[in-house]
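# Provided below for reference: sequence and predicted model.
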Amino acid sequence: MAKPKRLLQPSARVQMPAATVPARSSGRKRALQNPRQTERLILQDVQLSIAAQSVLDEKRAGTALSAADPADMLAQLRARAGQQDASGLMCVIASGKAEQLAALLHKTPLAFTAADFLSTDKHGYSVLDRLSDQKAESWLFSPLLWRARQDEYLQLWHGLPEEWKHVQAAHHDALMRTLDVARQQDALQQKADAHDFRLPQRRKGGQTPPRP
């Protein structure tokens with residue numbers, strides 16, 4: 001039985017057109033030969049990455065701060081997600097919503113711990129670093145975060161880097177004075193409640209109003 005003839009001889013095979021390289025790829029190849037263009041492309045990639053991360057931070061921060069249940073809010077602020085393995089609290093700080101979170105502390109009994117501020121993402125960044133990026137280091141020493149929780153605050157203070165302690169010493173001292181006064185007031189209020197006695201309220205000027 002005769003073998004079937006080939007439709008095309010080897011020399012007459014159809015030559016497929018070479019794959020076209022996208023203009024962006026060819027541009028990058030040329031950029032590798034030009035240091036300045038390479039730097040621009042790297043900078044562009046970094047900027048795009050930062051912009052994308054900012055969008056994710058905004059979304060996660062908004063979701064956490066809009067949680068109706070305090071326990072759910074705290075869980076979202078502590079939860080880790082994303083390529084950076086960042087906590088929700090990190091996203092809140094990075095998106096510039098620290099003051100919004102502080103305002104919620106009037107209504108929500110959130111209890112942060114030292115680990116919430118000292119733990120890091122996979123790149124070694126912590127909430128402290130994000131506060132520094134936002135130039136909002138003083139927020140860490142807000143009395144709203146630590147009222148009636150002086151022991152928890154001291155755990156954080158002892159875990160801070162020495163540079164932080166040196167730079168933020170004035171904020172630390174002011175917070176300690178505020179916490180001491182608040183603790184004394186709470187103790188007096190507890191005694192007054194136990195004896196069904198109402199403590200006189202102080203005026204804004206610091207003087208006790210006269211008794212009727």
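Everything's here; your move.
# now for the helix or strand hosting residue 189, which elements pack on it?
Taking DSSP states H and E as the definition, one finds residue 189 inside helix 169-194. Based on contacts counted as 3 or more Cβ pairs under 8 Å, 6 or more residues apart in numbering; DSSP states H and E, the elements that helix 169-194 packs against are helix 143-146, helix 150-159. In this view, the C-beta of every residue, glycine as well, is placed from N, C-alpha and C.
# Would you mark the buried spots in the first one?
Judged by neighbour count (16 or more other Cβ atoms under 10 Å), helix 143-146 contains these buried residues: 143, 145-146.
# and which of those residues is nearest to residue 104?
Using Cβ to Cβ, residue 145 is the member of the buried residues of helix 143-146 that lies nearest residue 104, at 11.4 Å.
# In this structure that closest one contacts residue 112, no?
Yes - with contact defined as Cβ atoms under 8 Å, residue 145 reaches residue 112; the gap is 6.2 Å.
# which residue ranges form the helices in this structure?
23-32, 35-65, 70-78, 88-94, 98-104, 114-118, 127-133, 143-146, 150-159, 162-167, 169-194 (DSSP state H).
# and among the ones you listed, the most buried is which?
With neighbours taken as mean count of other Cβ atoms under 10 Å, these reach their highest mean count in helix 88-94, at a mean of 26.
# rewinding a little: including distance to residue 61 and mean pLDDT, could the helices and strands packed on helix 169-194 go into TSV?
Shown next, in TSV, are the helices and strands packed on helix 169-194 (distance: least, Cβ to Cβ, whole Å; pLDDT from 0 to 100):
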stretch	distance to residue 61	mean pLDDT
helix 143-146	17	88
helix 150-159	22	94
